[in-house]
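Chemist: Need coordinates for the following:
(one chain, ligands or ions: 1)
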Amino acid sequence: MSKFRTILGDCFEEVAKLPDNSIDAVCTDPPYGIVEFSESEVAKLRSGKGGIWRLPPKFDGKERRPLPRFSILSNEQKSDIEKFFARLASAIEPKLKPGGHMLIAGNPVLQANVQAGVVASGWENRATILRLYHGFRGGDRPKNAELEFPEVCVTPRGNYEPWMLFRKPISEKTVAANLRRWGTGGLRMLFGGRPLPDVVPSFKTPAREKEIADHPSLKPQHLLRILVRTLLPTGSGVVLDPFMGSGSTLAACLAVGYESIGIERDSEYFAVAESSIPKLASLYPQFVGDTLESDDLNGSATELHAQLRLLETPAKYSRR
Ligand SMILES: C[S@@+](CC[C@H](N)C(=O)[O-])C[C@H]1O[C@@H](n2cnc3c(N)ncnc32)[C@H](O)[C@@H]1O
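Modeler: So this is what the prediction gives:
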């Protein structure tokens with residue numbers, strides 16, 4: 001059984017304490033508004049006040065997860081995001097082996113700011129993996145003028161989440177030499193020697209995972225297992241998640257058989273992670289992320305297929 005280590009603290013302080021060249025890959029789902037996981041915004045979320053968190057109305061009896069409102073960020077705040085990611089990438093760079101990859105979850109509006117910040121710190125922008133699923137919001141209508149402009153929406157409806165892939169430059173002349181020296185520089189292929197495609201069909205985090213780990217940004221195991229698995233080309237090494245939340249990345253590493261380190265500064269989320277990592281890892285014991293097939297996810301496959309069908313079915317508009 002692979003090992004995992006959880007650290008309660010600020011990731012910038014804790015990453016600085018790690019030995020140089022001791023990490024093989026990074027997989028993380030960071031805070032975005034930078035403010036949305038600040039103490040005051042988390043307090044507003046927990047007390048139901050909202051703040052940057054959009055608390056969706058329960059209009060049909062269903063409880064919807066709160067979502068951070070990135071659209072309200074000013075240009076200055078977006079430039080702060082760029083600086084934040086430049087700082088993060090610089091902090092992690094010496095700790096990662098040359099040729100190591102870093103995968104960062106994002107959203108389409110802020111993707112360019114993240115990439116600019118990380119690349120400014122000397123990293124290579126390698127690809128963006130699109131997590132494709134039906135369920136992101138968007139397509140909002142002009143507020144209070146829906147009837148006046150019946151054919152207008154202000155944004156497209158979101159159907160993907162970008163996971164941005166970066167690489168610390170290799171230190172050797174070739175990827176092969178880098179792989180021999182450090183075990184890094186490439187990506188691990190899926191079962192049968194298929195490279196991971198840059199579009200991965202996915203679906204919402206299943207209810208049974210949310211019952212285990214109560215975090216507003218919980219990512220699904222099936223997706224994380226595929227993603228973390230691909231980050232270690234030789235099938236072994238240590239994956240770091242500096243924004244661990246409730247530990248879904250570490251759980252995926254455990255299920256895939258990788259070592260991992262997670263850092264979380266909020267003590268409540270840290271406690272959730274401690275208890276949920278082994279439980280999330282024990283779900284779907286047959287699924288180790290080496291295939292995109294999710295048929296063995298008992299029950300969830302139906303949901304996946306239903307969502308893919310929704311993506312493929314054009315909306316039914318009545319023509320005038
Ligand atoms: C988007 S959430 C990650 C959720 C995670 N993917 C999951 O499935 O549970 C980001 C997390 O980073 C934490 N965080 C924010 N700033 C931090 C910092 N400087 N150091 C460590 N953790 C931080 C927040 O408390 C939050 O739990």
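Chemist: can we go C-alpha only for contacts and neighbour counts from here?
Modeler: Will do.
Chemist: any idea how far Pro156 lies from Gly139?
Modeler: 5 Å (Cα to Cα, to the nearest Å).
Chemist: okay, the two: which has more neighbours?
Modeler: Higher neighbour count among Pro156 and Gly139: Gly139, with 13 against 10, using other Cα atoms under 10 Å.
Chemist: In the sheet, which residues pair with the residue lying closest to the more buried one once chain neighbours are set aside? Tell me.
Modeler: Distance criterion Cα to Cα, 6 or more residues apart in numbering; nearest residue to Gly139, sequence neighbours excluded, is Arg157 at 4.3 Å. Note on Arg157: beta-bridge partners by DSSP bridges are Gly138.
Chemist: Give me the distance between the two termini of stretch 203-215.
Modeler: First-to-last residue span, stretch 203-215, Cα to Cα: 17 Å.
Chemist: where does the stretch 1-150 of the chain dip in pLDDT?
Modeler: 1, 33-42, 44-45, 48-72, 135-137 (pLDDT under 70).
Chemist: For it, what lies in contact range of the ligand?
Modeler: Gly9, Asp10, Cys11, Asp29, Pro30, Pro31, Phe37 (Cα under 6 Å from any ligand atom).
Chemist: Give the helix, strand or coil label for the fifth one.
Modeler: Here Pro30 takes the coil state, with states given by DSSP: H, G, I helix; E, B strand; the rest coil.
Chemist: tell me, how many neighbours does it end up with?
Modeler: Count around Pro30 with other Cα under 10 Å applied: 18.
Chemist: Which residues are in contact with it?
Modeler: Ile104, Ala105, Gly106, Phe243 (Cα atoms under 8 Å, 6 or more residues apart in numbering).
Chemist: Show me what residue of the stretch 51-200 of the chain gets nearest to the ligand.
Modeler: Residue of the stretch 51-200 of the chain nearest the ligand, by Cα to the nearest ligand atom: Ala105 (8.5 Å).
Chemist: so who does that residue touch?
Modeler: By Cα under 8 Å, 6+ apart, the neighbours of Ala105 are Thr28, Asp29, Pro30, Glu161, Pro162, Trp163, Met164.
Chemist: Mind giving me the packing neighbours of whatever helix or strand Glu211 lives in?
Modeler: Assigned by DSSP states H and E, Glu211 falls within helix 207-212. In terms of contacts (3 or more Cα pairs under 8 Å, 6 or more residues apart in numbering; DSSP states H and E), helix 207-212 is packed against helix 267-282.
Chemist: taking the mean pLDDT, what do you get for the helix it packs on?
Modeler: What helix 267-282 shows for mean pLDDT is 97.
Chemist: contacts for it?
Modeler: 6, 8, 209, 212-215, 221, 244-248, 250-252, 254-255, 264.
Chemist: and if you look at stretch 228-242?
Modeler: Residues contacting stretch 228-242 (Cα under 8 Å, 6+ apart): 11, 15, 22-28, 101, 183-190, 196, 249-250, 252-253, 256-264, 288-290.
Chemist: Kindly recompute the last result at 7 Å.
Modeler: Contact with stretch 228-242 is made by 11, 23-28, 101, 183-184, 186-189, 249, 253, 256, 258-264, 289, as judged by Cα atoms under 7 Å, 6 or more residues apart in numbering.
Chemist: and it, how far from the chain's centre?
Modeler: In terms of Cα atoms, centre = their mean, to the nearest Å, the centre of stretch 228-242 is set 15 Å apart from its chain centre.
Chemist: Can you give me the end-to-end span of that stretch?
Modeler: For stretch 228-242, the end-to-end distance is 14 Å (Cα to Cα).
Chemist: residue boundaries of the strands in the stretch 101-250 of the chain?
Modeler: 124-132, 160-167, 199-201, 238-241 (DSSP state E, counting those that start in this stretch).
Chemist: Quick one, which of those strands gets closest to Lys143.
Modeler: strand 160-167 (24.1 Å; Cα to Cα).
Chemist: Return the distance of the closest one from the chain's centre.
Modeler: For strand 160-167, the distance to the chain centre is 8 Å (Cα atoms, centre = their mean).
Chemist: Many thanks, we can stop here.
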